[in-house]
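Asker: Could you work out the structure for the sequence below:
(2 chains)
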Amino acid sequence: MDSRVSEKRVTPAASETETKQIDIRGQICPSSLLATLKEINDLQGELTRKALKLSILTDNRDATATIPAAAEKMGYSVSVTREGGHYAITIEK
Amino acid sequence: MNGQALWIVFAASLPLGLVAGFIMHRSDFCLAGAFRDLFLFRERHMLRVLMLAVVVSMVLFEAARQLRLLSPYPFPILASPSVANLVGGFLFGVGMVLAGGCVVGTLYKMGAGSALSGVAFIGLIAGSGIYAEIHPWWAGLARKGSFLEGRITLPQALDMEPTWLVVSLAIFSVYFFFRWARTGQWTRRAHASGYMQPWVAGIVLAILGLASYMMVGMPFGITTAYAKAAAYAEDLVVPAHVGASSYFQAVPLKYVVPLTGTYIEGGAAPAFDAIAAIQFPVIIGIIAGSGWSAFRLGEWRPRLDLPPRQYGMALAGGILLALASRMTPGCNVWHILGGLPILALQSLFFLCGLFPGTAAGSFILRRVLNG
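Answerer: Residues are numbered from 1 along each chain as shown, chains lettered A, B, ... in the order given. Below you'll find the model as predicted:
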């Protein structure tokens, strides 16, 4: 994906699962879904071992339907929360 | 020309644009995405919604025609088909994928605060200005490529009344609509706040299209207004050039507007005419309606720090969209929600070009985003 996709890894003290955050706010459609699918493929191992969660930040309203649908089809559990003016989509096994 | 009639037309078109912009933002009604996602993700949900909107429009338009509420029929600017419709449709498909939205999608996304759609919008105006320069050459080719002289719709070409064709197509479609309803394929599980189901938006857009047709004599069309915006901009710098341009000075729209019963005319020239009175309020309405929706939801947060190549792609896409809209002529909303429901031949050819164009655009998009 593009070098500007900002990535942040956070390891919360209370849990062993790392969260990788991908910020795609403002980007051209369908960057959100393309980026998410690529990350899921690249990090399949870590996600399956439950060592990692993905958190996608998007302001694309359509992506709140397409990303969960695609990830659920691949066997992941997905939750969407609204954060201010955008949405955070969390993907985990 | 009657100045008062123009302002009445303006005032009637504005609320249609406002409602369209509002519901397009709520449902994220992206027509470019409908075609693009078929090629990128094998996703057909929005194409089904579009088919619903076309069939509902087709039935509404035909019912209104029977009740003698549609005048003129077919609506103005449509002409006999040309190979130009096919070529324009193809380029339009490439352009809308690169721009991240079609000429209407760009408006509601820009209204909701998308910087990239703002750049695509500038590209649309620039591209319309570029088209004016190549118009004499292209218009000559389009004339040579035209056929079925005097026949505008499929029923006209087949020498038949539209009714039976419309009824058969509607029955055929309703069978699929029920099948999709039984398998729960109309509802989209979105988590966006204030979300409107796209199928509801599709039906509302069909009703707005009918309202537009009954009041101003044609369904939604906005692309000549982009050329007019380019003409206004050029007129500030090179007025003599605008005055000598065969495209800017042409007057393609001449008709009696149903709302006031007055004769009005218009084109791309930098003046307040029929095109300005019909199309500018729709453009302003869609931007404002969508902006208002996003603002009310607290989602109006423009972001500028985006990958430069996406800005480049949006600009190129906007320019290409404008060129394609003028070469066709018309945009996807004009053809899919306006021309297709009355089975206009130009619109059918446009659609035949649009599918392969979108496939090509999707291929380029994937390369640019991944490269």
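
Asker: Give me the nearest residue to the residue nearest the centre of chain B, chain neighbours excluded.
Answerer: Against the mean C-alpha coordinate of chain B, by CA atoms, centre = their mean, the closest residue is residue B:333 at 2.8 Å. Nearest non-adjacent residue to residue B:333, counting by CB to CB, 6 or more residues apart in numbering or on different chains: residue B:104, 4.7 Å away. Bear in mind the C-beta positions are built from the backbone N, C-alpha and C, glycine included.

Asker: isn't the one you found right up against residue B:223?
Answerer: No. Contact criterion CB atoms under 8 Å: residue B:104 and residue B:223 do not qualify, at 9.6 Å.

Asker: shared neighbours, these two?
Answerer: Shared contacts of residue B:104 and residue B:223 (CB atoms under 8 Å, 6 or more residues apart in numbering or on different chains): residue B:331.

Asker: Would you mind naming the helix or strand containing the residue nearest to residue B:333?
Answerer: Using DSSP states H and E, the element containing residue B:104 is helix B:103-111.

Asker: shaky segments in the chain?
Answerer: The chain I'm using is chain A. Within chain A, the segments meeting pLDDT under 70 span A:1-8, A:10-15.

Asker: meant chain B, my bad for not saying
Answerer: The model of chain B has pLDDT under 70 over residues B:1, B:371.

Asker: Output the contacting helices and strands for the top helix by length along chain B.
Answerer: The longest helix of chain B (DSSP state H) is helix B:115-144. Other helices and strands packing on helix B:115-144, by 3 or more CB pairs under 8 Å, 6 or more residues apart in numbering or on different chains; DSSP states H and E, are helix B:83-99, helix B:103-111, helix B:223-237, helix B:246-249, helix B:308-327.

Asker: Give the buried residues for the longest one.
Answerer: Going back to what we said before, that points to helix B:308-327. Across helix B:308-327, burial judged by 16 or more other CB atoms under 10 Å in any protein chain shown covers B:310-311, B:313-327.

Asker: Can you list the helices and strands that it packs against?
Answerer: Contact analysis of helix B:308-327 by 3+ CB pairs under 8 Å, 6+ apart lists helix B:83-99, helix B:103-111, helix B:115-144, helix B:223-237, helix B:345-370 as its packing neighbours.

Asker: Tell me the residues of chain A that contact chain B?
Answerer: Proximity of chain A to chain B, by CB under 8 Å from any CB of the partner chain, involves residues A:1-5, A:25-31, A:33-34, A:38, A:59-62, A:64-66, A:68-70, A:80, A:82, A:84-87.

Asker: Going along the chain, name the strands of chain A.
Answerer: Ranges of strands within chain A are A:6-10, A:18-23, A:52-58, A:77-83, A:86-92, based on DSSP state E.

Asker: Output those in a markdown table; the columns should cover mean neighbour count.
Answerer: Formatted as a markdown table, the strands of chain A follow (neighbours: other CB atoms under 10 Å in any protein chain shown):
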| stretch | mean neighbour count |
| --- | --- |
| strand A:6-10 | 10 |
| strand A:18-23 | 17 |
| strand A:52-58 | 21 |
| strand A:77-83 | 13 |
| strand A:86-92 | 20 |
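
Asker: Please produce JSON lines containing these, extended by distance to residue B:150.
Answerer: Below are the strands of chain A laid out as JSON lines (distance: least, CB to CB, whole Å):
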{"stretch": "strand A:6-10", "distance to residue B:150": "59"}
{"stretch": "strand A:18-23", "distance to residue B:150": "56"}
{"stretch": "strand A:52-58", "distance to residue B:150": "51"}
{"stretch": "strand A:77-83", "distance to residue B:150": "55"}
{"stretch": "strand A:86-92", "distance to residue B:150": "53"}
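
Asker: Let me know which of these is the nearest to residue B:47.
Answerer: With CB to CB, the closest approach to residue B:47 among the strands of chain A belongs to strand A:52-58: 22.6 Å.

Asker: other SSEs contacting the closest one?
Answerer: Contacts defined by 3+ CB pairs under 8 Å, 6+ apart place strand A:52-58 against strand A:18-23, helix A:31-42, helix A:44-48, helix A:63-73, strand A:86-92.

Asker: now that strand and strand A:77-83, what's the angle there?
Answerer: Per axes from the mean of the first three to the mean of the last three CA atoms, to 10 degrees, the angle that strand A:52-58 makes with strand A:77-83 is 40 degrees.

Asker: how distant is strand A:52-58 from the center of its chain?
Answerer: Relative to the centre of its chain, strand A:52-58 is centred 3 Å away, using CA atoms, centre = their mean, to the nearest Å.

Asker: in its sheet, what does it sit against?
Answerer: Taking DSSP bridges as the criterion, strand A:52-58 sits next to strand A:18-23 (parallel), strand A:86-92 (antiparallel) in its sheet.

Asker: Please identify which of the helices and strands packed on strand A:52-58 is closest to residue B:186.
Answerer: helix A:63-73 (12.8 Å).

Asker: Give me the residues contacting the closest one.
Answerer: Helix A:63-73 is contacted from outside by A:30, A:32-33, A:36-37, A:40, A:56, A:58, A:78, A:80, A:87, A:89, A:91, B:37, B:41, B:43, B:188-192, B:195, using CB under 8 Å, 6+ apart.

Asker: Buried residues in it, which are they?
Answerer: Across helix A:63-73, burial judged by 16+ other CB under 10 Å covers A:63, A:64, A:65, A:66, A:67, A:68, A:69, A:70, A:71.

Asker: chain center to that helix, what's the gap?
Answerer: Taking CA atoms, centre = their mean, one finds helix A:63-73 lying 10 Å from the centre of the chain it belongs to.

Asker: Close to chain A: what parts of chain B are there?
Answerer: B:25, B:28, B:30, B:32-33, B:36-37, B:40-41, B:43, B:100-101, B:114-116, B:188-193, B:195, B:297-307, B:309-310, B:313-314, B:366, B:369-370.

Asker: rerun at 7 Å
Answerer: Contacts of chain B with chain A, taken as CB under 7 Å from any CB of the partner chain, map to B:28, B:30, B:33, B:37, B:40-41, B:100, B:114-116, B:188-193, B:298-299, B:301, B:303, B:306-307, B:310, B:313-314, B:369.

Asker: Could you give me the PyMOL syntax to select whichever of the residues you listed are buried?
Answerer: Here is the PyMOL selection string for the buried members of these, based on 16+ other CB under 10 Å:
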select buried, chain B and resi 28+30+33+37+40+41+100+114+115+116+188+190+191+192+299+303+306+307+310+313+314+369
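
Asker: For stretch B:129-139, which residues meet the burial criterion?
Answerer: B:129, B:131, B:132, B:135, B:138, B:139.

Asker: do the same with stretch B:157-169
Answerer: Using 16+ other CB under 10 Å as the test for burial, stretch B:157-169 gives B:157, B:162, B:165, B:166, B:169.
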